[in-house]
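# please find the sequence and the predicted model below.
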Amino acid sequence: MTLQQCRYIVEIAAHHSIRRAAGALYVTQPAVSKAVRELEQELGIVILERTNQGVDFTPDGQELLFMAKLLIEQAGAISYHFDRSAPVRTSELSVSSQHYCCMSGALMEFAQRWPRYAISFREGKAEDVVDDVAQSRSIVGFLSLNPRTAPYFERVFHDRELEFRELAVTTEHVFLRKGHPLAGLPVIPLEKLTGYPCLTYRQDDLPLHLSESPAYAGDADQIIYLSDRGTMRDLLAHTDGYNVGTGILDPEDPLLTAVPLAEGQGVRIGCVKRRQTFLPDALENYVCLTGAALAEACRT
């Protein structure tokens, strides 16, 4: 196996097509196809399967893709370490995350510290984050666990050979507009939410009680299930609806506020990655900066 073959594999994943990957690499399509066949023969696995939309990676191919990304990153680190006259390498990072407003601040700080980089950032629900890491679309993912969802996700982590690294801890808060009748309370008891619309995210691939919804959402008289965070923000800002989550909110947000829920449970926020793998220096730096930003956001 060569680094060139690894680069071919990564480009195929990026473009979902051998033809487009060959164009991006400035080589012929037969050269890329031959490299993949030779790698399959050498490793004794099937890497790709063809579909109507292009090519997909088999489970073995997904494992190889993940390792290929790390090999390319580490090879660049070795070259730069021993040859400082060489051009500064570009660090290619792939990250998935639930939505946290402090992620942009961590990214800006990373940009000031690292000279060259290319970051692929995917945002989604907790199940999407886990799937991205397991399927090698991302090397790390950031998500939150509460006592209701933790047992489910811990089984998923074990089955898919992933590990969770805690970065910050908070408690459940109620998100609502600043002019909401409950916005001035220091804490909001659960019974005070009665009569107000509950706005929540429903995940189609998880039972409702394991989704990002609070367990008591099903008891609300009015429930609106959403999948888009922009719509969630608009409804929170212009109605008396509420949402329960981590409480992480931009302190300068002109429209929304977050108030602790009296019966709120603890929430652990962290990153998930493949078990027994070491993150490239740039990505480890990014994880540390994100962890610091999350911890600071949970304190405010």
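Sure, I can see it.

# correct me, but Ile269 touches Leu167?
Yes: judged on C-beta atoms under 8 Å, Ile269 makes contact with Leu167 at a distance of 5.8 Å. The C-beta positions use only the backbone N, C-alpha and C, and glycine is treated the same way.

# name every strand pairing with the helix or strand encompassing Asn243 and say which way it goes.
Here Asn243 sits within strand 243-245, counting by DSSP states H and E. With DSSP bridges as the test, strand 243-245 is paired with strand 173-177 (antiparallel).

# toward the C-terminus, what is the element adjacent to the partner strand?
strand 198-201.

# hmm, back to that, quick check: neighbours shared by Ile269 and Leu167?
Counting by C-beta atoms under 8 Å, 6 or more residues apart in numbering, the shared contacts of Ile269 and Leu167 are Phe142, Leu294.

# more crowded one of those two?
Each of Ile269 and Leu167 had its neighbours counted (other C-beta atoms under 10 Å), and the higher figure belongs to Ile269 (23 against 20).

# name the element that one belongs to?
strand 266-274.

# and that strand, how far from the chain's centre?
Computed by C-alpha atoms, centre = their mean, to the nearest Å, the chain-centroid distance of strand 266-274 equals 10 Å.

# and it, which strands flank it?
Counting by DSSP bridges, strand 266-274 is paired with strand 140-145 (antiparallel), strand 162-171 (antiparallel).

# and of those, who's closest to Trp114?
Nearest to Trp114, of all these, is strand 140-145, at 15.5 Å by C-beta to C-beta.

# what's the following helix or strand past the closest one in contact with?
On the C-terminal side of strand 140-145, the closest following helix or strand by DSSP H and E is helix 150-159. The contact list for helix 150-159 (C-beta under 8 Å, 6+ apart) reads Ala126, Val130, Leu143, Leu145, Leu162, Glu163, Phe164, Leu206, Leu210, Arg268, Val272.

# so where is the stretch 201-300 of the chain shaky, pLDDT-wise?
For the stretch 201-300 of the chain, residues meeting the criterion pLDDT under 70 lie at 202-220.

# could I get the full set of helices for it?
229-238, 281-299 (DSSP state H, counting those that start in this stretch).

# reformat the ones you listed into TSV and put distance to Ser136 next to each item.
Converted to TSV, these look like this (distance: least, C-beta to C-beta, whole Å):
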stretch	distance to Ser136
helix 229-238	25
helix 281-299	14
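
# and these, which is most packed in?
Burial of these is given as mean neighbour count (mean count of other C-beta atoms under 10 Å); helix 281-299 ranks first at a mean of 19.

# could you list the residues in contact with that helix?
Contact partners of helix 281-299, identified using C-beta under 8 Å, 6+ apart, comprise 73, 77, 91, 93, 95, 100-103, 105-107, 109-110, 113-114, 117, 119, 139-140, 142, 165, 167-170, 246-248, 269-271, 279.

# can I see the domain layout of the protein?
Taking automatic domain parsing as the criterion, the chain consists of the domains 1-85, 90-164+270-300, 173-264.

# how far off centre is the shortest one?
On the basis of C-alpha atoms, centre = their mean, domain 1-85 sits 23 Å off its chain's mean C-alpha point.
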